[in-house]
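A.B. asks: here is a sequence with its predicted model. Questions after.
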Amino acid sequence: MADFDAIVIGGGPAGLTAARRIAEAGRSVLALEKEAFGGQLMNLEWAEDYPGPGARIAGPALGSQLADQAEAAGARLEIGRVDEIESYSAAKAVSLADGAAYTAGVVIVAAGLIPKPLGVAAEACLEGKGVIHCAVCDAGLYRDKSVAVCGGGDAGIIEALYLAKFAAKVFVIEAAAQLSARQELQERADGNEILDIRLGRRAIDIVGDDGVTGVTIEDAASGARQTLDAHGVLVHVGFAPATDCLDALLSLDDHGYASVDIHFESEVPGIILAGDIRRDAARSAAAAAEDGAKAAATALRRLGPK
Ligand SMILES: Cc1cc2nc3c(=O)[nH]c(=O)nc-3n(C[C@H](O)[C@H](O)[C@H](O)COP(=O)(O)OP(=O)(O)OC[C@H]3O[C@@H](n4cnc5c(N)ncnc54)[C@H](O)[C@@H]3O)c2cc1C
């Protein structure tokens, strides 16, 4: 007999909603999260457009609320990084990085997205020494200093605007001739005097030995290079689905996405995907929570009557 009826991988809005719905149906469910329950919400100052009485809600407050609701419904929440999922006729087996393993009738994978690296040599060496991934977590370190954000999409501009509350200067480096962030964010960026937006420039190197001291950029048109003084670099040049734990089990496309049917079930029956990890996800907290509810319904159908 399996340890749990269902295992949910990822503790963001998709995973927590799925876990809550399954627990509310009277099924045993384990939710596994490698970092912090709440997922990406824990890194956001505000989650905008989440349905509710206000126009926005603090990201960590929403994340904690979703975790509390799942736990109150009876889901077991545990910190642990899932490395591998195997599928056998009787059960699915989930192996964790710390050596623990659990089995369940169904597995919902709601592991979200991971930021793509810039791909320059010094990036890995300077990780945690000025190369950062979360403005809300690290902005305080850059009070009255200069920092750079690589990427002018929604995520890059949201992070740059948050850093601008602390830093003396925030360079925004965007390879294209225009920012790709939504209009409202572009207007906020244009009106912010702390932001120094460099369009048509590619970040080609991060400079520093024990800590970041600068970012070298290249003009896309002329090839001219310049090193900007920056004590930190935040990279938001796109995201990839966090499907590492699935690559031995499912066929993934060139971008790492798995195919699912209209019920979010993958090619392996009982392996269900939900939230931002899905190719067609709307990439918002509300959409992820809705995905989680739908994935839970699929899981309950697959488990059958109690
Ligand atoms: C800068 C930025 C600003 C945003 N602003 C908004 C906003 O204002 N409003 C809004 O609605 N949305 C916003 N979003 C989008 C929103 O945060 C996401 O759409 C939503 O969090 C996706 O939920 P999810 O549950 O699919 O994934 P996530 O929230 O990413 O959660 C996935 C979780 O899975 C965990 N995980 C990954 N791999 C494993 C593993 N192998 N084992 C165990 N755990 C694992 C991760 O640690 C993570 O906690 C923003 C996103 C970004 C990046």
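C.D. replies: It's in.
A.B. asks: ok now the host helix or strand of A23, how far from the chain's centre?
C.D. replies: Assigning secondary structure by DSSP states H and E places A23 in helix 13-24. In terms of Cα atoms, centre = their mean, to the nearest Å, the centre of helix 13-24 is found 18 Å from the chain centre.
A.B. asks: ok, now stretch 97-106?
C.D. replies: With Cα atoms, centre = their mean, you get 22 Å for stretch 97-106.
A.B. asks: before we move on, what about stretch 96-114?
C.D. replies: Stretch 96-114 has its C-alpha centroid displaced from the chain centroid by 16 Å (Cα atoms, centre = their mean).
A.B. asks: quick one: is it near the ligand?
C.D. replies: Yes - using Cβ under 6 Å from any ligand atom, we find that stretch 96-114 touches the ligand at 110-113. Bear in mind the C-beta positions are built from the backbone N, C-alpha and C, glycine included.
A.B. asks: please apply the same query to stretch 257-276.
C.D. replies: Yes - counting by Cβ under 6 Å from any ligand atom, the ligand is contacted by stretch 257-276 at 275-276.
A.B. asks: so for that stretch, what gets flagged as buried?
C.D. replies: For stretch 257-276, burial by neighbour count (16 or more other Cβ atoms under 10 Å) applies to 257-258, 260, 264-266, 268, 270-276.
A.B. asks: need these in JSON lines (columns: pLDDT and secondary structure).
C.D. replies: Below are those laid out as JSON lines (pLDDT from 0 to 100; DSSP: H, G, I helix; E, B strand; the rest coil):
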{"residue": "Y257", "pLDDT": "98", "secondary structure": "coil"}
{"residue": "A258", "pLDDT": "97", "secondary structure": "strand"}
{"residue": "V260", "pLDDT": "98", "secondary structure": "coil"}
{"residue": "F264", "pLDDT": "98", "secondary structure": "coil"}
{"residue": "E265", "pLDDT": "98", "secondary structure": "strand"}
{"residue": "S266", "pLDDT": "98", "secondary structure": "coil"}
{"residue": "V268", "pLDDT": "97", "secondary structure": "coil"}
{"residue": "G270", "pLDDT": "97", "secondary structure": "coil"}
{"residue": "I271", "pLDDT": "98", "secondary structure": "strand"}
{"residue": "I272", "pLDDT": "98", "secondary structure": "strand"}
{"residue": "L273", "pLDDT": "98", "secondary structure": "strand"}
{"residue": "A274", "pLDDT": "98", "secondary structure": "coil"}
{"residue": "G275", "pLDDT": "98", "secondary structure": "helix"}
{"residue": "D276", "pLDDT": "98", "secondary structure": "helix"}
